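In: Quick check, what structure comes out for this input:
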Amino acid sequence: MNNQKSLVIIPTYNEKDNIEEIIDRVFHLQKDFDILVVDDNSPDNTANIVKKLKDEKYPQGLFLLNRPNKEGLGKAYIDGFKWALQRNYDYIFEMDADFSHPPHKLVDLLNVLQNNEADISVGSRYLKGRINVVNWDLKRILLSYFASMYVRMITGIPVKDTTAGFVGYKKEVLQNFNFDNIEFVGYAFQIEMKYKAWKKGFKIKEIPIIFTDRIRGKSKMHGGIISEAAWGVIKMRFSKNI
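Out: Next up is the predicted model:
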């Protein structure tokens, strides 16, 4: 087990206020994780901060993937997944740069995979009837909660937090995907990955987290993302493209 490698993929666009601290927090966990920052040509020079950290503090475990354009969260993660698989990482994690996902919970997500409790581990806001979200207004909480309920109703997937973006995968899961068949680029990407993995027979386990809305920087959520998810779920449910 000591030879197994874990990678945290952090997609960024204008995250200069958060990126150094989130990297420091991950590298100070009790388990070893490498980090791949996938930056979409941030105008605020997020990538330069990562380069400096790699040169001066973390030459071994920190990596940067520069993408020329902002193409959406899904595209960024797919490029990160391909990068990880080419380098034979055993466990691959998705995490936001803005501290909405608590870095220390990476250890719990990894333990689920290493102990073979599941093939995919999900940091969930909505377990046991609770809504563990901090700094969201009521409208956003209800929108997110009922969106996940809507996805479960349409697809039958046994996951409470279907839109969660704090996720760990065994490499075997990602090796089973044809990434060219992934249709969604926004937050519906997270739903599609979980749904298709479940349909392929992989086991998903959720662990509770407290989701804290970003304090620094600007949210990337907008109406088009919600529309993509609402209509996309119905399309996905009846697609034969698994």
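In: and the residue sitting nearest the centre point of the chain, what are its bridge partners?
Out: In the chain, the centroid-proximal residue (C-alpha atoms, centre = their mean) is Glu94; its distance is 3.0 Å. Per DSSP bridges, the residues bridged to Glu94 are Ile9, Val167.
In: For Ile19, grab the count of nearby residues.
Out: 24 (other C-beta atoms under 10 Å). C-beta: built from backbone N, CA, C; applies to glycine.
In: before we move on, what about the one 4 residues further on?
Out: Around Ile23 there are 24 other residues, counting by other C-beta under 10 Å.
In: That one sits in which helix or strand?
Out: Using DSSP states H and E, Ile23 sits within helix 19-27.
In: Name the residues of stretch 102-122 that are buried.
Out: Buried residues in stretch 102-122, counted by 16 or more other C-beta atoms under 10 Å: 102-103, 105-106, 109-110, 112-114, 118-122.
In: Give me the pLDDT for the residue of the chain positioned farthest from its centre.
Out: Ranking residues of the chain by C-alpha distance from their mean position (C-alpha atoms, centre = their mean) puts Glu56 at the top, at 27.0 Å. Here the pLDDT value assigned to Glu56 is 96.
In: Show me which helix runs longest in this protein.
Out: helix 138-155 (DSSP state H).
In: Report the helix or strand with the lowest average pLDDT across the protein.
Out: Sorted by mean pLDDT, DSSP states H and E, the helices and strands of the chain end with helix 223-238, the least confident at a mean of 67.
In: hmm, back to that, the residue farthest from the centre of the chain and Arg25, how far apart?
Out: Glu56 sits at a distance of 17 Å from Arg25 (criterion: C-beta to C-beta, to the nearest Å).
In: need the strands for the chain, in chain order.
Out: 6-12, 34-39, 62-66, 91-94, 120-124, 133-134, 167-170, 204-208, 211-212 (DSSP state E).
In: Return the member of these having the minimum mean pLDDT.
Out: Among the strands of the chain, strand 133-134 scores lowest, at a mean of 72.
In: helices and strands around it, which ones?
Out: strand 211-212 (3 or more C-beta pairs under 8 Å, 6 or more residues apart in numbering; DSSP states H and E).
In: how does it look with 10 Å?
Out: Using 3 or more C-beta pairs under 10 Å, 6 or more residues apart in numbering; DSSP states H and E as the contact test, the elements touching strand 133-134 are helix 138-155, strand 211-212.
In: Can you read off the pLDDT for Gln30?
Out: 90.
In: pretty sure it is touching Asn111, no?
Out: No. Counting by C-beta atoms under 10 Å, Gln30 stays clear of Asn111, with 11.0 Å between them.
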